[in-house]
Each structure stands twice: as C-alpha cells, then as structure tokens.
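Engineer: Here is the input, now give the coordinates:
(chains A and B)
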Number of protein chains: 2
Amino acid sequence: MTSTTGTKYGVTGIGNAIVDIIGRCDDVYLAQVGAAKGSMRLVDADDVNKIYAGMGPAVEISGGSAANTIAGVASFGGRAGFIGSIADDEFGRIFSHDIRSIGVTFTNAPIKGGMPTSRSLILVTPDGERTMNTFLGTSTQFDETMLDRALIRDSAILYLEGYLFDREEAKRAFKEAAKEAKAAGRRVALTLSDGFCVDRHRAEFLSFIRDGVDIVFANESEIKSLYETSNYDDAVASARKDIKLAVLTRSAKGSHILTDGRDIEIAAAPIDKVVDTTGAGDLYAAGFLFGVAHDLPLETSGKLASLAAAEVISHIGARPAVPLDRLAREKGLLT
Amino acid sequence: MTSTTGTKYGVTGIGNAIVDIIGRCDDVYLAQVGAAKGSMRLVDADDVNKIYAGMGPAVEISGGSAANTIAGVASFGGRAGFIGSIADDEFGRIFSHDIRSIGVTFTNAPIKGGMPTSRSLILVTPDGERTMNTFLGTSTQFDETMLDRALIRDSAILYLEGYLFDREEAKRAFKEAAKEAKAAGRRVALTLSDGFCVDRHRAEFLSFIRDGVDIVFANESEIKSLYETSNYDDAVASARKDIKLAVLTRSAKGSHILTDGRDIEIAAAPIDKVVDTTGAGDLYAAGFLFGVAHDLPLETSGKLASLAAAEVISHIGARPAVPLDRLAREKGLLT
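Structural biologist: The predicted model follows:
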C-alpha cells in the first residue's frame, strides 16, 4: 500500500537499533538488580553482564521501540524506513537482517571498530510485565551524519523515539531530522517512550513538541510526567493545548485520541492471555501511524492500533508473529 | 533429584553447541535453497549467509540436539552436564549463558581466535516441519582434549549426539568418552540424529553400537536407514538383535521401546496445535533419559518422554518453555 500523500514511504522511524534478550525472572530478582518494574533504564557494560549472568535462559529477537513500530507498519503492508546505528557484529547482522527481511528500507552501514550493537535485557515477570535494562553500545555513536535525508523527505510521517533524548548528539540529530521533514511538508510524530525518560528531559520534550510535532504518543504515566501532575484529566487538559493530535494509551482501559477539541475513545482489543507486554506501545503506534499515513479515519487508525497491540502481547517478542494486514482484514478494518 | 546410581550427575551429553536461528519460510524457498524437508544438512559460511539473507525475520535461541536434551533433563529436575565447543563471541556467550542458567554444568572454555560459534538456520514451513542448515564453525574444532572426563565418570548416563559422526576428530572424541564412561561403570546412550547422517556413516554407527552402546534413540527413517530397509518391522527385528534398549520414535504414532524381548508402546501425548517440531526428538530423549537415570519404570520414562516432546512442539524453539517437573507432577508422572 503506498501512502496517499504522494511520498514513496508511509512512515520512517528513527530510534535505537536494539536486539532484545528476553527472559523470565521473578519479582525478587527485579528488586535484587534494582530495576523499577515496567520501566526502561540505561545500564553500562558491567551491569548488563551482571544482570545477564543472573537471569534465566533467554530468547534473542530484534527490538528497539521505533524499530518495532516500523516493523508493525510493514506488517500492515505499509512502505516504511528505519534509521539507526548498528555495529559490525552478530547482533548488528541480526538487527539488519530482520528489519530488511520484512521489506523495510534501512540504509545505515555497520560502524566498524567501535562499540557493540545495542542490546536490551528484558526481564519478564510472571504478571507479563516487562522491565528493560538497555546497554546502548554503538547507539551512543548515533548522530546527524547518519540521517538518510532522502528517506526522511520521501516519507509521509517521520516517527521519533523519545529514548533518543537521553543523548545530546542523538537529540541534535532528531531536531535536524524533524527540520528536514517539515521543510519537505511532512508530518512529525513522537513517542514519549518512558515516564522516567520524560522526567529526565521534560523541558526539552515540551519545547520540541511545541516547536512543531504533529502527533504525540504517550501512556498515562508519560503524559502525567510531562505535565508534572498525578491527575490524568489535568494532563489531558494540558495536552489539548500543546498537541495537535495526542494519542494516549491506557493499557486494558484502551486509548484516547485528542484532536481539534474532539475526543475519541478506543477500546482495547480483547485478548485471551497476556504473555509478554513488550512492544505493546510500539505496535499501538504502528497501527495508528499506518492508518494516518494512508488517510484512514482516526477511529479506524485507533482500532488498527489496538489490534496490533493485542497481537504483540499474546506472545514473546516485540514484533508481530503473524501478518497484521491479514488480521486487520479478518476484522474488517482493511479491505 | 540426584541419580540413584550414586553418581553426582544423572546425564551428561556431548554434542554440537549451537545457537538456532529460527524463521518461517514457504515450501518454495526450501526448494530454492535445495534443502530436503525435515533433514539437517551441513552448510559452509557462504551458504549460511545466502540462506539467511533470503529467510524471514528470525528468533535466536540456544539449541543443539544433545544440548536441548540436557536442558530437558535439567528442566525435569535432573542434575546434568554438557560438553561442546564454543567460540569467544556473542553466540558463544548466549549458548553458555542459557545452559548454565538452568543449572547445567558446562566447563568448556571459549576457543579464542578460531571460527565462530556454530549456528543452525532452522526453516519452519507452514506444516510445522523444520529443516536445518547448520554451519558448524568452532564445533569443527571439537576433539578429545575438550572432554571433561571427571564429569563423564560422575554421570549415570553419557549421551552422545550422532551428528558428531560427521567429523573424524569428534568421532574419536566420542569413542574416548564412551570408553571413559564404560570404565567407570556408566551407561552409554546414542541418538542416530538424522537419516542422512546415518546414510553417511552407517558402518561406523553399527560398529559403535555393537561395541557397547546401551541405549539407542532413533526415529523411523533413522532406524530404517541404519538397517538399509524400507520396512519398519524388518528394522525393528534387526534392532532387537543389536541393541540392548532401543527407543524408536514415530511422531504422532507415539513411540516404541524394545528391550529384553519386551515391547512397550507409548502413545504420543495429546497436543492442541503443532507450532514447530524443532526439538521433538531431543526432548523425547530428555524425558526418557531422566527416567532411566532415576530408575523409573520404562513405561513411566516413555510417558515423561512423550510429555516433554509434546511441550516443545507447542511453541517456537527447541527447549522447554515451562518447567517439565511441574508438568510431570500435574500429570501424576512424578511425585
């Protein structure tokens, strides 16, 4: 499916190129390694080795928040691109193989002789909740020289991963990318990524959003953190003023789309059993961005988003296990 | 659970230390890369790269036939060891982390500066059947100097993977290991691994078995290949003469245990949906060896075997996703 804006690509994402190392652990181990359940934290090489040594058997599978979203867009049949930094090692080869094998354009060459490819130890507790310990490795070398500007100009939507606010060079690259997209008449979308990440960079997130982000994705804790309030309705009132199109996800409560004074409530898609919530927000964004890039109504985009999120939490791993376009057709959401 | 023979370990396995790269493909791709469905073949570095480039997104997970069996024994609560060759790279770290994290003793140090850690591209077709393309890498450097002889002497059963017959040095290591086990009064078990592998080394398999293997695992095509017959009953008649305890697996038809003129038929454990048959034979062997190492009746050992095989084919990956001792207790097979 080609985008209706006349661009070759529907969505191009920029984010950390990460391989996930997913294993189960109990709440005791989580406390022992000092991780806050449900959050993402950055760890150094020593810590990542220590946490890995103590966790159970794992599965390695391509991840990265924006990369998962882009994989979801491709699974819906959208043309998509990805920009991120990998090293010349096995994890780099896994990441680029997996994203290219689903038809995503990914032009970044592996960086030789530097740090290893990023990895995230994802500890899944018995409640299906996931806690991430990310070693950035070569992603810390990402800067504006790695932007594929032609790809950005030729994509209806540029999608940015909030995690990149954790590094100065990456943040500068973000701003450059957004400028490039805007100059070409494209839309810019941003996910706040994580409540703790918002805490660390609140003022910059706010000024970046007010400077021209068109679509913002956030969950409850992220939007509350952005507006420093413990009251969801207060956060919503503030979001209405700042954000053209805000998409607020609320786990089992579904999601909430705010635009032009309109409120759209989308129910969570039903699911038998939550196996692993890794990727829920990423895949929600995938369905929504696919819909918006193809000029589908916001209600339909929200339903595609919920469908994709429900699929990804029904199994281990943060990317779709079945083609999302087929699922969407079965549900009558795509023709 | 400690073994009833007075040894510290119930089972120690020797095999290729492999990381599986599991992805789906259709029958057309299988034909295109010239692979015979359901078989294992060895490929070189060029071929492994070519096949990988054309296959879909994948999941990386520790594998290796004997290593899967040993992981199964540990999951039943047995004390177990593994011997195999890894390189000083990411796949080597994944392999050793995963096997050690479930309590298996694995003492082989990574080999520096040689070939990379073994990997197997496992192509899963829509029928759930798996076809393996194995790049041996550092496993080709495995020889008798890498045997942990103390571990072998202290294990009730030494379990050997037939795939190692594909290399001279590994085969020599096998024979040394079997001699060590026998001298200490232990039992030796062997899996024929693959019909094509038996074809390549029939005479040596037969002489090795007749020289003192106590337990042989084979599926229908392997046992028919061993005795060069297309008739299963003829193969069974020959196996009766050569093999003290033969365990013949027949997929959905269940399994067939031959010993001392007795025949025991074990039904396949029921399963809702076959997702990926990778590891079915390996986990069957795990249940059976766990039972035998702990002096359980052969019928019970066969049922544990079927239970473990059914668990592993219900999901992607060749190692148990849930603790097998818990499953066995739920079914009343262990107390």
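Engineer: Please identify the helix or strand for the residue of chain A found nearest chain B.
Structural biologist: The nearest approach of chain A to chain B comes at A:Glu60, 3.8 Å away (CB to the nearest CB). The C-beta positions use only the backbone N, C-alpha and C, and glycine is treated the same way. Using DSSP states H and E, A:Glu60 sits within strand A:58-63.
Engineer: and that strand, what other elements does it pack with?
Structural biologist: In this structure, strand A:58-63 packs against strand A:18-24, helix A:90-101, strand A:118-124, strand B:58-63, helix B:90-101, with contacts taken as 3 or more CB pairs under 8 Å, 6 or more residues apart in numbering or on different chains; DSSP states H and E.
Engineer: Counting neighbours, what do you get for the closest residue to the residue of chain A closest to chain B other than its chain neighbours?
Structural biologist: Computed as CB to CB, 6 or more residues apart in numbering or on different chains, the closest residue to A:Glu60 that is not its neighbour in sequence is B:Glu60, at 3.8 Å. Around B:Glu60 there are 26 other residues, counting by other CB atoms under 10 Å in any protein chain shown.
Engineer: what's near enough to touch B:Glu60?
Structural biologist: Applying CB atoms under 8 Å, 6 or more residues apart in numbering or on different chains, one finds that B:Glu60 lies in contact with A:Val59, A:Glu60, A:Ile61, A:Ile94, B:Val19, B:Asp20, B:Ile21, B:Ile22, B:Phe91, B:Ile94.
Engineer: I'd like to know which of those residues is nearest to A:Ile264.
Structural biologist: Top of the list for closeness to A:Ile264, among the contacts of B:Glu60 and by CB to CB, is A:Ile61 at 32.7 Å.
Engineer: Does that closest one touch A:Asp20 like I think?
Structural biologist: Yes: A:Ile61 lies in contact with A:Asp20 (CB atoms under 8 Å); the separation is 5.4 Å.
Engineer: Comparing those two, which residue is more hemmed in?
Structural biologist: For A:Ile61 and A:Asp20, the more surrounded residue by other CB under 10 Å is A:Asp20, and the numbers stand at 27 against 24.
Engineer: contacting residues for that one?
Structural biologist: Taking CB under 8 Å, 6+ apart, we find A:Asp20 in contact with A:Glu60, A:Ile61, A:Ser62, A:Gly63, A:Arg119, A:Ser120, A:Ile122, A:Thr278, A:Gly317, A:Ala318.
Engineer: now the strands: where do they sit in the stretch 51-200 of chain A?
Structural biologist: Per DSSP state E, counting those that start in this stretch, the stretch 51-200 of chain A has strands spanning A:58-63, A:80-83, A:105-106, A:118-124, A:130-135, A:155-161, A:187-191. These are given in chain order.
Engineer: what's the fourth one packed up against?
Structural biologist: Which is strand A:118-124. strand A:18-24, helix A:45-54, strand A:58-63, strand A:130-135.
Engineer: A:Asp154 is nearest to which of these?
Structural biologist: Taking CB to CB as the criterion, A:Asp154 comes closest to strand A:58-63 out of the helices and strands packed on strand A:118-124, the separation being 23.8 Å.
Engineer: Parallel or antiparallel, which strands does the closest one pair with?
Structural biologist: Sheet pairing for strand A:58-63, assigned by DSSP bridges, gives strand A:18-24 (antiparallel), strand B:58-63 (antiparallel).
Engineer: Report the distance from it to the chain centre.
Structural biologist: The gap between where strand A:58-63 is centred and where its chain is centred comes out at 16 Å by CA atoms, centre = their mean, to the nearest Å.
Engineer: Share the number of residues neighbouring A:Gln32, please.
Structural biologist: Around A:Gln32 there are 12 other residues, counting by other CB under 10 Å.
Engineer: quick one on the thing from earlier: mind putting the strands paired with strand A:58-63 into a markdown table with distance to B:Asp154 and mean pLDDT?
Structural biologist: What follows is the strands paired with strand A:58-63, written out as a markdown table (distance: least, CB to CB, whole Å; pLDDT from 0 to 100):
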| stretch | distance to B:Asp154 | mean pLDDT |
| --- | --- | --- |
| strand A:18-24 | 29 | 95 |
| strand B:58-63 | 24 | 95 |
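Engineer: and those as CSV, adding distance to B:Val73?
Structural biologist: Formatted as CSV, the strands paired with strand A:58-63 follow (distance: least, CB to CB, whole Å):
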stretch, distance to B:Val73
strand A:18-24, 20
strand B:58-63, 15
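Engineer: Which residues of the stretch 51-200 of chain A lie near chain B?
Structural biologist: For the stretch 51-200 of chain A, the residues in contact with chain B under the definition CB under 8 Å from any CB of the partner chain are A:52-53, A:55-62, A:71, A:89-91, A:94, A:97-99, A:101-102, A:116.
Engineer: Just the buried ones from those residues, in PyMOL syntax?
Structural biologist: Provided next is the PyMOL selection string for whichever of these are buried by 16 or more other CB atoms under 10 Å in any protein chain shown:
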select buried, chain A and resi 52+55+57+58+59+60+61+62+71+89+90+91+94+97+98+99+101+102+116
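Engineer: where does A:Arg200 sit relative to A:Leu226, distance-wise?
Structural biologist: 12 Å (CB to CB, to the nearest Å).
Engineer: The two - which one has more neighbours?
Structural biologist: Taking other CB under 10 Å, A:Arg200 and A:Leu226 do not tie; A:Leu226 has more neighbours (23 against 13).
Engineer: Need the residues that contact stretch A:221-235.
Structural biologist: Residues from elsewhere that reach stretch A:221-235, judged by CB under 8 Å, 6+ apart: A:192-196, A:198-199, A:202, A:205-206, A:218, A:220, A:236, A:238-239, A:246, A:248.
Engineer: same thing but at 7 Å, please
Structural biologist: Judged by CB atoms under 7 Å, 6 or more residues apart in numbering or on different chains, the contacts made with stretch A:221-235 from elsewhere in the structure are A:192, A:194-195, A:198-199, A:202, A:205-206, A:218, A:220, A:238-239, A:248.
Engineer: from the residues you listed, which single one is nearest B:Gly302?
Structural biologist: Relative to B:Gly302, and with distances defined as CB to CB, the nearest of the contacts of stretch A:221-235 is A:Asp194, at 50.0 Å.
Engineer: who's in contact with the closest one?
Structural biologist: Taking CB under 7 Å, 6+ apart, we find A:Asp194 in contact with A:Ser39, A:Met40, A:Gly162, A:Tyr163, A:Glu222.
Engineer: Next one: it from A:Pro320, what distance?
Structural biologist: Applying CB to CB, the value for A:Asp194 to A:Pro320 is 22 Å.
Engineer: so A:Gly291 makes contact with A:Lys303?
Structural biologist: No: shown here, A:Gly291 and A:Lys303 do not form a contact pair, counting by CB atoms under 7 Å, at 8.3 Å.
Engineer: Okay, and A:Lys273 sits in which element?
Structural biologist: Assignment of secondary structure by DSSP H and E places A:Lys273 within no helix or strand.
Engineer: List the contacts of it.
Structural biologist: A:Lys273 sits in contact with A:Ser314, where contact means CB under 7 Å, 6+ apart.
Engineer: Show the pLDDT at it.
Structural biologist: What the model reports as pLDDT for A:Lys273 is 84.
Engineer: Next: A:Met1.
Structural biologist: In this prediction, A:Met1 carries a pLDDT score of 54.
Engineer: And the one 10 residues further on, by the same measure?
Structural biologist: The predicted local distance difference test score for A:Val11 is 98.
Engineer: Quick check: it vs A:Thr278, distance?
Structural biologist: From A:Val11 across to A:Thr278, the span is 21 Å (CB to CB).
Engineer: How about A:Gly114?
Structural biologist: In this structure, A:Gly114 lies at 27 Å from A:Thr278, with CB to CB as the measure.
Engineer: More neighbours: which of those two?
Structural biologist: Just comparing A:Gly114 and A:Thr278: by other CB under 10 Å the higher neighbour count belongs to A:Thr278, 28 against 14.
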